[in-house]
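J.: Quick check, what structure comes out for this input:
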Amino acid sequence: MQGKIEFDIDIIIDEYSNYVYKIINNIIGDALPYSDKEEVASDTFYLLWKNSHKIKTNLKSYLGTIAKNCAYEKLRNSKNNFEYNDTLENIIVSDFTELIIVKEKIKRLSIEEQQLFKLYYLDGLKIKEISKILKINIGTLKIRLFRIRKKLKEDK
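T.: Next up is the predicted model:
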């Protein structure tokens with residue numbers, strides 16, 4: 001690939017797509033949906049095509065590095081774009097038996113998590129207000145709320 005050697009991107013995609021998907025799947029796992037993984041793979045091959053003139057190492061390692069960087073970038077961006085303004089209705093469904101299950105799950109949360117859950121979802125306080133009350137950084141509160149929702153959504 002050194003110099004200005006022409007290459008057929010379709011052949012490269014056919015030959016290396018499994019390799020690229022393995023790298024992406026190892027990094028992203030179940031954190032993002034399959035469509036996001038496909039987008040990362042597409043970005044990987046696009047960047048290879050766009051920067052083909054810069055390749056100074058073997059193609060497979062260059063492609064692996066691009067896939068790894070794209071996967072990490074996608075994870076970073078997805079965490080930054082996460083919506084934190086869920087409402088209680090998104091967690092608790094109308095079925096009474098499921099409401100009981102959710103109540104049991106809430107009981108399994110730590111005291112601090114229960115307090116945060118109550119302030120945000122039941123009392124309807126904004127994150128800024130909770131931050132002042134509990135004297136906790138806003139970013140930390142958002143992460144804790146995300147983790148609480150994740151615990152409540154688990155099937156255990």
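J.: Okay, now the unreliable bits of the protein?
T.: Within the chain, the segments meeting pLDDT under 70 span 1-7, 79-99, 155-156.
J.: List the contacts of Asp43.
T.: Contacts for Asp43 (C-beta atoms under 8 Å, 6 or more residues apart in numbering) come out as 70, 74. Quick note: C-beta positions are derived from backbone N, CA and C, even for glycine.
J.: And it, how far from Val20?
T.: 10 Å (C-beta to C-beta, to the nearest Å).
J.: again, but for Phe146
T.: 29 Å.
J.: Those two: who's more crowded?
T.: Each of Phe146 and Val20 has its neighbours counted (other C-beta atoms under 10 Å); Val20 has more, 26 against 15.
J.: so what's the more buried one closest to, chain neighbours aside?
T.: Nearest non-adjacent residue to Val20, counting by C-beta to C-beta, 6 or more residues apart in numbering: Ala67, 4.7 Å away.
J.: any idea which element that neighbour lies in?
T.: Assigned by DSSP states H and E, Ala67 belongs to helix 59-80.
J.: May I see the buried residues of that helix?
T.: By 16 or more other C-beta atoms under 10 Å, the buried positions in helix 59-80 come out as 62-64, 66-68, 70-71, 74-75.
J.: Any chance of JSON lines for these, columns distance to Ile136?
T.: Shown next, in JSON lines, are these (distance: C-beta to C-beta, whole Å):
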{"residue": "Tyr62", "distance to Ile136": "44"}
{"residue": "Leu63", "distance to Ile136": "43"}
{"residue": "Gly64", "distance to Ile136": "40"}
{"residue": "Ile66", "distance to Ile136": "38"}
{"residue": "Ala67", "distance to Ile136": "37"}
{"residue": "Lys68", "distance to Ile136": "34"}
{"residue": "Cys70", "distance to Ile136": "34"}
{"residue": "Ala71", "distance to Ile136": "31"}
{"residue": "Lys74", "distance to Ile136": "29"}
{"residue": "Leu75", "distance to Ile136": "25"}
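J.: Determine which two of those residues are furthest apart.
T.: Pairwise distances across the buried residues of helix 59-80 (C-beta to C-beta) peak at 21.0 Å, for the pair Tyr62 and Leu75.
J.: can you list the domains in the protein?
T.: Annotated domains of the chain cover 9-80, 88-153 [automatic domain parsing].
J.: quick one, phi psi at Glu113?
T.: phi -70, psi -40 (degrees, to the nearest 10).
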